[in-house]
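K.L.:
Make a model of this:
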Amino acid sequence: MKLYYILILIFLRPANFSEPVLELPKIVNIDVKLGKTAIKTIKFKNNGSSELLLHEVSSDCSCTVADFTKMVKPRSEGEIIVKYNSSGKRKGISTQMLIIKSNIPQKFLKLTLKINIT
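P.N.:
The predicted model follows:
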């Protein structure tokens with residue numbers, strides 16, 4: 001009988017969901033003049049109950065580099081500062097993908113940069 005109650009307590013106890021939750025926009029618009037560098041600050045939030053650790057923010061193009069907040073406490077905000085260099089590009093709209101690697105369960109997220117070069 002004791003074993004029965006112990007098993008009930010084990011299975012009915014609340015689960016511990018101590019994970020970070022990264023909340024950020026899916027698409028970010030950047031306007032830049034041809035031949036210039038645009039700097040855009042992207043705010044994000046950790047809506048989880050444990051620390052969010054960003055390991056890397058990368059792009060498939062050397063024209064886009066990012067600096068970012070490495071650690072964000074629960075319910076706090078951080079930022080990604082993106083620098084996009086339009087030298088050697090053409091006027092018009094293009095897209096770049098940022099890959100954000102972190103300690104969230106999905107391990108990484110994609111962020112689309114929609115760049116308008118004028």
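K.L.:
Can you give me every residue that contacts residue 20?
P.N.:
46, 48-53, 72, 74, 102-104 (Cβ atoms under 8 Å, 6 or more residues apart in numbering). All C-beta atoms are positioned from the backbone trio N, CA, C, and that covers glycine.
K.L.:
three-state assignment of residue 88?
P.N.:
coil (DSSP: H, G, I helix; E, B strand; the rest coil).
K.L.:
neighbours around the residue nearest to it when sequence neighbours are not counted, how many?
P.N.:
Spatial nearest neighbour of residue 88, excluding adjacent residues (Cβ to Cβ, 6 or more residues apart in numbering): residue 63 at 7.8 Å. Using other Cβ atoms under 10 Å, residue 63 has 17 neighbouring residues.
K.L.:
can I assume residue 63 is in contact with residue 94?
P.N.:
No - using Cβ atoms under 8 Å, residue 63 is not in contact with residue 94; the gap is 9.8 Å.
K.L.:
could you flag which of the contacts of residue 20 are buried?
P.N.:
Among the contacts of residue 20, those buried by neighbour count (16 or more other Cβ atoms under 10 Å) are 46, 48, 52, 72, 74, 102-104.
K.L.:
Using TSV, lay out the residues you listed together with pLDDT, distance to residue 40 and secondary structure.
P.N.:
Formatted as TSV, the buried ones among the contacts of residue 20 follow (pLDDT from 0 to 100; distance: Cβ to Cβ, whole Å; DSSP: H, G, I helix; E, B strand; the rest coil):
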residue	pLDDT	distance to residue 40	secondary structure
46	97	20	strand
48	95	25	coil
52	97	20	strand
72	97	19	strand
74	96	26	coil
102	96	20	strand
103	96	24	coil
104	94	22	coil
